[in-house]
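[1] output the structure for:
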Amino acid sequence: HKADAPLIPFEELDRLLEWLKTQPPADVVCLSNALLCGLARRIREGLGVPVVCSLQGEDYFLDDLMPPYSQQAWAEIARRAVDVDLFIAVSRYFGEKMRGPLGLPPGKLAVVYNGIRPDGFSPAATPPSPPVLGYLAFMSQVKGLGTLVDAFVRLKRRGRVPGLRLRAAGTLAPSSQDFIRQLQRQLDAEGLGRDVEFLPELDRPSKQAFLRTVSVFSVPATVGEAFGLYLLEAMASGLPLVQPRHGPFPELIEASGGGVLCEPDDPDALASGIEELLLDPARARALGERGRQAVLTHFNVDRMAREFARQLENVVH
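    Below you'll find the model as predicted:
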């Protein structure tokens, strides 16, 4: 194909444009992620409106492509990025991470933090006794579940938090089942198998109930990700966070005041951060309350919608 050939057949894109023309006139068109940048030029030309694109984790997919397709895909998206009027990232960290590869000039990148519906998330009426270390995310090594188990083993060896338990919940992909079995064998070898629960595939009410059983929350992801909605759910439940000092976590902790940071990929440092909060319940409660108030006032869907709409208005006008 020629270098300027479209990424999908013209007739399919023409069908999309013809359908869009039958709908109420648009002021702006939003693409959900940068993998759709190939649509931007024809949409702008066909509808005569600006195009905005979200940035929210595309790097994982692109980096996981086999060579040479990963490099080709990055280069093509960078080439097509000139057809997008504004990119909106879910964190400053991820926006800056994508700015270089996409060649985004100043003024073409904005940040709108994610938000959640906080209804249904609430602190426990009484603190869990004995205390519980909690995790809620994809159950995988990339999300740091192995690091958290290592930290939990260290905490149990130290013995300064009697009765401590670990509860880990989240999506369990078939490819991660061997990983979970490996963790279970590790815990059994330490005599800790009965102190840990793995709870896959919780629905929203079960997730909310699960978080009310937790004392301190941590998802020590091993790589920088775009955001981490699970942190908002934990904070909405009044839980203090202990997160690695990389990716978007420093800015989210700073913006919310809802937790503490530790060195990345370091089970000893993670264990120490968790232990400090477990041994200081008053500080843990204060952090949890600050985080909850941050979600109620800032990291919620209403604020996110207003800020996103403001960015669209700026582009349109």
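[2] so which residue is smack in the middle of the chain?
    Compute the mean C-alpha point of the chain, and by CA atoms, centre = their mean the closest residue is Gly228, 2.1 Å away.
[3] pLDDT score for that one?
    Confidence at Gly228, expressed as pLDDT, is 94.
[4] list phi and psi for it.
    Gly228 has phi and psi values of phi 120, psi 80 when expressed as degrees, to the nearest 10.
[5] distance of it from Val132?
    Applying CB to CB, to the nearest Å, the value for Gly228 to Val132 is 20 Å. Every residue, glycine included, has its C-beta placed from N, CA and C.
[6] Gly146 too?
    Applying CB to CB to Gly146 and Val132 gives a distance of 19 Å.
[7] residues contacting the residue nearest to the centre of the chain?
    Gly228 is in contact with Ala137, Val219, Ala221, Gly247, Pro248, Phe249, Leu252, counting by CB atoms under 8 Å, 6 or more residues apart in numbering.
[8] can you check Leu86 too?
    Leu86 neighbours (CB under 8 Å, 6+ apart): Pro50, Val52, Cys53, Lys108, Leu109, Ala110, Gln311, Asn314, Val315.
[9] which non-adjacent residue is nearest Leu278?
    Spatially, and ignoring its direct neighbours in sequence, Leu278 is nearest to Val161 (4.8 Å; CB to CB, 6 or more residues apart in numbering).
[10] what is the burial count for that neighbour?
    18 (other CB atoms under 10 Å).
[11] out of the contacts of Leu86, who has the most neighbours?
    In terms of neighbours by other CB under 10 Å, those top out with Cys53 at 28 neighbours.
[12] host element of that residue?
    Using DSSP states H and E, Cys53 sits in strand 51-55.
[13] then Thr126?
    Counting by DSSP H and E, no helix or strand carries Thr126.
[14] measure it to Pro281 for me?
    Counting by CB to CB, the gap from Thr126 to Pro281 is 12 Å.
[15] got it, and Ala124?
    For Ala124, the distance to Pro281 (CB to CB) stands at 13 Å.
[16] compare these two (neighbour count), which wins?
    Shown here are Ala124 and Pro281; by other CB under 10 Å, Ala124 has more neighbours (16 against 13).
[17] nearest residue to the more buried one in space, please, no chain neighbours.
    Nearest residue to Ala124 in three dimensions, chain neighbours excluded: Arg212, at 4.2 Å (CB to CB, 6+ apart).
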